[in-house]
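**Student:** Here you go, sequence then predicted model.
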Amino acid sequence: MDAALARAWVSAVAASVAAQTELLTQLDAAIGDSDHGVNLNRGFTAVLAVLDGPETPGEVFAVTGRTLVSKVGGASGPLYGSLFRALGKALGTASTVDAPEVAAGLRAGLDAVRKLGGAAPGDKTMVDAYEPAVVAFEKAAADGLAAAARAAADAAAAGMRATVDLRARKGRASYLGERSIGHQDPGATSTWLVFEALASVTA
Amino acid sequence: MDAALARAWVSAVAASVAAQTELLTQLDAAIGDSDHGVNLNRGFTAVLAVLDGPETPGEVFAVTGRTLVSKVGGASGPLYGSLFRALGKALGTASTVDAPEVAAGLRAGLDAVRKLGGAAPGDKTMVDAYEPAVVAFEKAAADGLAAAARAAADAAAAGMRATVDLRARKGRASYLGERSIGHQDPGATSTWLVFEALASVTA
Amino acid sequence: MKKFVNEPSAVVKEALAGIAAAHPELRVDLENQIIVRSDAPRRGKVGLVSGGGSGHEPLHGGFVGLGMLDAACPGEIFTSPVPDQILAATQAVDGGAGVVHVVKNYTGDVMNFQMAAELAGDEGVEVHTVLVDDDVAVEDSTWTAGRRGTGATLIVEKVAGALAETGASAAAVAAAGTRVNEASASFAVALTACTTPASGRPGFDLPDDEMEVGVGIHGEPGRRREKLRPAREIAALAVEAVLGAKPLSAGSETIVLLNGLGGTPLIELYLLYGEVAALLDKAGVRIARNLVGNYVTSLDMAGASLTVCTVDAEVLRLWDAPVRTPALRWGA
Amino acid sequence: MKKFVNEPSAVVKEALAGIAAAHPELRVDLENQIIVRSDAPRRGKVGLVSGGGSGHEPLHGGFVGLGMLDAACPGEIFTSPVPDQILAATQAVDGGAGVVHVVKNYTGDVMNFQMAAELAGDEGVEVHTVLVDDDVAVEDSTWTAGRRGTGATLIVEKVAGALAETGASAAAVAAAGTRVNEASASFAVALTACTTPASGRPGFDLPDDEMEVGVGIHGEPGRRREKLRPAREIAALAVEAVLGAKPLSAGSETIVLLNGLGGTPLIELYLLYGEVAALLDKAGVRIARNLVGNYVTSLDMAGASLTVCTVDAEVLRLWDAPVRTPALRWGA
Ligand SMILES: Nc1ncnc2c1ncn2[C@@H]1O[C@H](COP(=O)(O)OP(=O)(O)O)[C@@H](O)[C@H]1O
Ligand SMILES: Nc1ncnc2c1ncn2[C@@H]1O[C@H](COP(=O)(O)OP(=O)(O)O)[C@@H](O)[C@H]1O
Ligand SMILES: [Mg+2]
Ligand SMILES: [Mg+2]
Ligand SMILES: [Mg+2]
Ligand SMILES: [Mg+2]
């Protein structure tokens, strides 16, 4: 992955989030506060404006993370922001990175998200899509970026769907107690969009 | 008409207003403020509690009028209150009164309403039912109370129906301008109830 | 009907009990249904009384206190108070210098206050009346009951109340109130109908993409129905109506009230005020003072009214004078 | 969607412009999206900053001024502000004595304020944080993100603000805020869902004869759904929830906030307050002070919350201390 591909990924995420803003918002309406789609769309729209500068994949993701932190707000701003910042930092200043390096970066992102938000798998958050996606990516990394990304996207989708039956223990949905069961987590859904975008630009 | 019949009339008005509270309220919702039924019902309920004291028709109506003034509020409180007070005053202290005397009393009530509210026939108010009712009552007074009351009730009904096509020039409905056309005036409707009650207790 | 009420017919009495509990600094007479300043009557001070149907809170009860009303008499929902009530309020605040009634121009209010004034006169209390009729959505012609009294009532009560506090005569207090009314124009737009507890359902049906233009504060439909428009266009519509009806000379100083009708959240009112202020500025109107909030309401109606009142230095001084009431408080 | 807005995405910025127009006595920085007291920073005075998602007006911007907040940073609707914004507010009010952040306990608010505090620390500003989590509808267990911060925020900001005004240290101001929070319990009921401008429709469907019990202030459904009940039973339900979660010893003195969620008219809030006051009285709770109105809202949601805060003489004195802000004003 070079800077161009990194940019393509982030741009694809932005396009996907823009297209799915309404879906994410409606999922958040059911068990949250109806802003997840708008939050991410505002953030990634701002990211698009700063993607031209950075010249390495690491820098692309670092800028993406910083921009998300300063434009999104809410829970998802710091979480996605930290994820991309950690990914960017892990990739360092290399002008191209291979699949295992991306895997390590995604793992660093997971650690950052879990450290900041304190959510474990099963808490019905973005972690439930992100964690299995990272694991699948790691497993398939040896087969190259495209295969790893495809595996990660599929795992994210499965994790996302599994959030439906979970009771939330973190974030706003936890306020609903039992009533959070039966709804798909908006953050897990946006995480799936992130990996689908990666799969599509690397396919 | 003796005091007992006067009481029977006022009680019948009270019963009729109670039964039609919802209708009057909905008519007022269309071109006013949704309170006409509740206003009159509150007033006539209070009247029922003081009807036992007075011993002449004049006194029955005077007490009715005073009670309406102090319990109804809005436009209809002073108007119906003044109507009954003027009627009571006109009947004096006689223990029984005949149809022509009642006719004169009703005419005094009309004068009071017109003086207080300033409405002329055609302004889409209770006057549009009350005025023709008085005229019809006067015309039929020679035939006795029952016949006069029946004629008055029918004239009130016709006047009430005719308010549908009028544009209001007085009261809240006037604020609607052209939009008041097509709706039956609530006060004209309650006036019809008043005369129907009279017709029913004298029949 | 989704309301915090018990029996619909008891709403006003029970809300008064709540006001009594919340404001021990006021005297609430549940029997007569009046709210009175605890230090009334004050010897030699003109008593200022207002009232009208309930459902417009904080008007009028929320404006009882130092520098504003001496008493309020709330009627049933959207129903003017009865003469007995108004008389009780008038007597409760009569300190020998006369009493001024602030009356919104509605047939019922006018008649009931008139009757009360006559009764008070019989008891030797001199009553002056200020009639408020600021709503320019209604033509003042023989085709109507005259313009309605709406948002300007707050400004009239504030200014007249401040003047009364100085020991001015009843005639002077009434004259000041009348001047404020004449210098005021209001216009309102509703996005939803309100629901009275007695009727239990919205006063009119309004499609999701339409608004009522030129409404009053009693849940009645407006002068016309229009497609819903962005805030900036609604602001323009209100500003044009107000300036059209009472043209202002450039550089006029004004008090502007951007008032919510009860169901509109503050964030929308501020947004709308931003648009209004910009338009007035463009029209050369100076906003010396402003007030943004739900002050003269129509139960749970979503909507807003704009009131512009031209002021001179004297009125501005009276506006700025100390006021200490449940809903308006400054300088004291 | 029936709202006074232009583009949904511009609501917060445009409302801020309106606040700037309405309150020339405040400094509104449209770039950084912050509202600052005009005399900030004051040398040696602790700066008090709060913020959170918009849609809760007058919280927090309406509480900026003498005796309360030095700055507010409103995020997008229901979205906590971003660290840059909070940092800008923090720096704007830092007079060298440190800054106290009042943060409502939501994952997003906590994280963004935490990041801002770290950034401020890097710039040499000492930041203390008061976390508000008074909503007893939410269990404080590993099953939740902890109790939500709701109505008590107002009391925390008032008391901490008054203390800051006396020149107290940042640690002392934060400790006072924390004490108020610990002494507070809140519970809310919603009769309707609110509509965010971005989504354009109600956050949940609620049948005409049902209510959501135990809601927060972000339009989320409550803990459970129940049949709509008379005001007196809803009052009982809220009082029991509050006293059940934080039992009070008989004779305790309290500040009671009966707060509307934005779409509930004042007459209903007063009626409900009457019921609440009677129940608290029966429970032996003394209401030393009260506040009834729409203060901590959830856009246009029809609903109400009850907050009971146990106080001692010191807290009461700070509550009574002068305050001059757009939404809360007394003694100054
Ligand atoms: N503690 C947490 N750890 C990880 N993810 C979280 C946490 N809290 C919330 N989330 C995620 O954030 C999503 C909500 O994001 P968003 O709606 O933008 O923010 P907010 O909840 O502040 O409104 C949730 O669906 C969930 O996936
Ligand atoms: N000036 C008037 N003269 C005669 N009748 C009037 C006048 N104004 C109003 N009315 C009558 O009063 C009725 C409304 O009464 P009500 O709803 O009880 O009072 P309000 O209009 O104060 O709410 C109208 O339907 C009309 O018939
Ligand atoms: Mg959300
Ligand atoms: Mg009516
Ligand atoms: Mg009425
Ligand atoms: Mg949010």
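**Tutor:** Done, it's in. Ligands and ions are numbered 1, 2, ... in the order given.
**Student:** and the one residue in the stretch 201-332 of chain C that gets nearest to ligand 6, how many neighbours?
**Tutor:** Proximity of the stretch 201-332 of chain C to ligand 6 (Cβ to the ion) peaks at residue C:267, 15.3 Å away. For every residue, glycine as well, the C-beta is placed using N, CA and C. Using other Cβ atoms under 10 Å in any protein chain shown, the number of residues around residue C:267 comes to 31.
**Student:** ok, the one helix or strand it maps to near chain A or not?
**Tutor:** Secondary structure assigned from DSSP states H and E places residue C:267 in helix C:266-282. No - figure legend: helix C:266-282 not in contact with chain A (Cβ under 8 Å from any Cβ of the partner chain); closest approach 14.7 Å.
**Student:** how about the closest residue in space to residue C:47 that isn't next to it in sequence, what does it touch?
**Tutor:** Nearest residue to residue C:47, sequence neighbours excluded (Cβ to Cβ, 6 or more residues apart in numbering or on different chains): residue C:93, at 3.1 Å. Contact analysis of residue C:93 by Cβ atoms under 8 Å, 6 or more residues apart in numbering or on different chains lists C:36-37, C:40-41, C:47-49, C:70-71, C:99.
**Student:** Give me the subset of those residues that lies in strands.
**Tutor:** Among the contacts of residue C:93, the members found in strands (DSSP state E) are C:36-37, C:47-49, C:71, C:99.
**Student:** Turn those residues into TSV, columns for distance to ligand 3 and neighbour count.
**Tutor:** Formatted as TSV, those follow (distance: Cβ to the ion, whole Å; neighbours: other Cβ atoms under 10 Å in any protein chain shown):
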residue	distance to ligand 3	neighbour count
C:36	48	24
C:37	47	24
C:47	54	30
C:48	49	33
C:49	50	33
C:71	48	31
C:99	56	31
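**Student:** Nearest to chain B among those residues?
**Tutor:** Within these, proximity to chain B (Cβ to the nearest Cβ) peaks at residue C:49, which comes in at 15.6 Å.
**Student:** Break down chain C into its helices, ranges please.
**Tutor:** C:11-22, C:83-93, C:107-122, C:152-165, C:170-182, C:231-245, C:266-282, C:313-320 (DSSP state H).
**Student:** In stretch C:100-112, which residues are buried?
**Tutor:** Using 16 or more other Cβ atoms under 10 Å in any protein chain shown as the test for burial, stretch C:100-112 gives C:100-112.
**Student:** And for stretch C:235-249?
**Tutor:** Those would be C:235-239, C:241-243, C:245-246, C:248, for stretch C:235-249 by 16+ other Cβ under 10 Å.
**Student:** ok, it near chain B or not?
**Tutor:** No - Stretch C:235-249 lies apart from chain B when judged by Cβ under 8 Å from any Cβ; the minimum separation is 14.5 Å.
**Student:** Residues in contact with that stretch: which ones?
**Tutor:** With contact meaning Cβ under 8 Å, 6+ apart, stretch C:235-249 is reached by C:136-137, C:183-189, C:213-214, C:229, C:254, C:272, C:275-276, C:279-280, C:283-285, C:304-308, C:310.
**Student:** If you count contacts, what does the lowest-mean-pLDDT helix or strand in chain A end up packed against?
**Tutor:** In chain A, no helix or strand scores lower on mean pLDDT, DSSP states H and E than helix A:21-31, which sits at a mean of 95. Applying 3 or more Cβ pairs under 8 Å, 6 or more residues apart in numbering or on different chains; DSSP states H and E, one finds that helix A:21-31 contacts helix A:36-48, helix A:186-202.
**Student:** Residue C:28 is nearest to which of those helices?
**Tutor:** Among these, helix A:36-48 comes nearest to residue C:28, with 46.2 Å by Cβ to Cβ.
**Student:** what packs against the closest one?
**Tutor:** Partner elements for helix A:36-48 (3+ Cβ pairs under 8 Å, 6+ apart): helix A:3-19, helix A:21-31, helix A:57-71, helix A:76-91, helix A:186-202, strand D:71-77.
**Student:** Mind telling me what element residue A:159 is part of?
**Tutor:** With DSSP H and E as criterion, residue A:159 is part of helix A:145-162.
**Student:** elements contacting that helix?
**Tutor:** helix A:99-117, helix A:127-140, helix A:186-202.
**Student:** Is that helix positioned near ligand 1?
**Tutor:** No - residues of helix A:145-162 are not located near ligand 1 by Cβ under 6 Å from any ligand atom, the shortest gap being 9.8 Å.
**Student:** Need the residues that contact that helix.
**Tutor:** A:1, A:98-99, A:102-103, A:106, A:128-141, A:184-185, A:188-189, A:191-192, A:194-196, A:198-199, A:202-203.
**Student:** Next: stretch A:56-70.
**Tutor:** A:1-3, A:5-7, A:10, A:43-44, A:46-47, A:50-51, A:53-54, A:77-78, A:80-97, A:105, D:82-84, D:115.
**Student:** Quick one, which of those are buried?
**Tutor:** A:1, A:3, A:5-7, A:10, A:43-44, A:46-47, A:51, A:54, A:77-78, A:80-91, A:97, A:105, D:82-84, D:115.
**Student:** Closest one of the buried residues of stretch C:235-249 to residue D:178?
**Tutor:** Distances from residue D:178 to the buried residues of stretch C:235-249, taken by Cβ to Cβ, are shortest for residue C:235, at 43.1 Å.
**Student:** Of all the helices of chain C, which one comes closest to ligand 3?
**Tutor:** Between ligand 3 and those, the tightest spacing by Cβ to the ion is seen for helix C:266-282, at 17.8 Å.
**Student:** sorry, back to before: which of the contacts of helix A:145-162 are close to chain B?
**Tutor:** Okay, of the contacts of helix A:145-162, nothing touches chain B (Cβ under 8 Å from any Cβ).
**Student:** List only buried entries from those residues.
**Tutor:** A:1, A:99, A:102-103, A:106, A:128-138, A:140-141, A:184-185, A:188-189, A:191-192, A:194-196, A:198-199, A:202.
**Student:** Great, nothing more from me.
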